[in-house]
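Student: Okay, sequence plus prediction incoming.
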Amino acid sequence: MTKKYVLSSVLVVIAAGLWQLAAMAMESSSVVLRFSEQTGNYRFVFELPDESWLNQAKVAASYSVIKISLLDSFTIATPKLPDSIKFSSRDNSIYLNVKNLDNIKVTKLNNPYRLVVDAYVTDYKKPEQSAPPEGKELKQQIIVIDAGHGGNDIGIPVGNTKESVLTLSLANELSKMINVRSAKAVLIRKDDSSLTLAQRITEASKRHISIFLSLHVSEGRYFSVYRTTLPVGSQTIASRYKVDTRQGAYSERSLALAQTLETSLKEAFNDVEVYHREMPLPLLSAIAAPAVLIEIPHSSDFLYNAATLKSISEAIYTALVSYAKK
């Protein structure tokens, strides 16, 4: 074998390696932008290729422009943004021209690697929304709301709070909305106390329930709406008198309620996935009324504040009214 041939072979191997590295670099230079808005706040979440991109990312704001400088050139997938935000990118930088920009807050998150930029604005005007439904269809109905977990059972951590506190906050907001507008809302758990499954079922059984809602937090950035599954034959008359299969007579109505909630949540949060799921859930199985479990998003880039809780409550309330019309 000649030296010339060996050298040629080495060069081919090196070239192949360089091509592979270049391909990997091109593949890893994809950035995804996610966007959400609340009153007075825009949240931009940039999903970055790896840790080095996150560590070297720089953010600066000047007047109405936010500049995000990244490690290298990139391709970016962007959602539809409001007219008050102008987006552009050049070389290794992203520019966000935000109308009435007042201040920004930058957060870096791992697993996955995300750069979160909160843009606070003045003179914020949220797009006009249709008036909330009157809810006359819910008159005389009793909506029972069970905030998941409580006491020593905190559920899962959600940012600086915990699932048991977040679900109770949502339950309080939703119950106030229902009581003011139309029906009567009853809370199973009124404070951060611990309740067993049997206690929840007993409390629910004391009332003539029209609709039962159980509130929890999901494991990711999505909503889930559950209805329970029951053993075959659990829709018989005899099963209605068994505590663990009372739901049998209401299975189809629970499905209709779950589907209405899915539609309403999708319309209210079009940048968040909404899933319908079915599995054995002892609490729902014991309820003699249309019953579903709702999981709200668990994610550090889903901004929870009073406005968010109100928006979720609005979506649930709208679904309840739509369901009552059926």
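Tutor: Yep, that arrived.

Student: measure Glu137 to Ala185 for me?
Tutor: Taking Cβ to Cβ, to the nearest Å as the measure, Glu137 falls 15 Å from Ala185. For every residue, glycine as well, the C-beta is placed using N, CA and C.

Student: Of these two, which one has the most company?
Tutor: Neighbours were counted for Glu137 and for Ala185 using other Cβ atoms under 10 Å; Ala185 has more, 24 against 16.

Student: Would you enumerate the residues in contact with the more buried one?
Tutor: By Cβ atoms under 8 Å, 6 or more residues apart in numbering, the contact set of Ala185 is 142-145, 174-176, 178-179.

Student: Verify the stated contact: Gly220 with Ser299.
Tutor: Yes. Contact criterion Cβ atoms under 8 Å: Gly220 and Ser299 qualify, at 6.3 Å.

Student: Please identify which of those two sits among more neighbours.
Tutor: Neighbour count, other Cβ under 10 Å: between Gly220 and Ser299, Ser299 has more, with 20 against 13.

Student: if I look at the more buried one, how far off is Ser73?
Tutor: Note on Ser299: its distance to Ser73, by Cβ to Cβ, is 28 Å.

Student: Low-confidence bits of the stretch 1-150 of the chain, can you list those?
Tutor: The stretch 1-150 of the chain contains residues with pLDDT under 70 at 1-28, 123-134.

Student: can you pull out the helices in it?
Tutor: For the stretch 1-150 of the chain, applying DSSP state H, counting those that start in this stretch gives helices covering 3-28, 51-56.

Student: likewise the stretch 151-300 of the chain?
Tutor: Ranges of helices within the stretch 151-300 of the chain are 163-181, 197-205, 251-268, 282-285, based on DSSP H, counting those that start in this stretch.

Student: closest to Ala77 out of these?
Tutor: Smallest distance to Ala77 across the helices of the stretch 151-300 of the chain (Cβ to Cβ): 20.3 Å, for helix 251-268.

Student: what's the helix or strand for Tyr323?
Tutor: In the assignment (DSSP states H and E), Tyr323 maps to helix 306-325.

Student: Buried residues of that helix, list them for me.
Tutor: For helix 306-325, burial by neighbour count (16 or more other Cβ atoms under 10 Å) applies to 308-324.

Student: Going by contacts, tell me the helices and strands next to it.
Tutor: Using 3 or more Cβ pairs under 8 Å, 6 or more residues apart in numbering; DSSP states H and E, the elements in contact with helix 306-325 are strand 30-38, helix 163-181, strand 211-217, helix 251-268.
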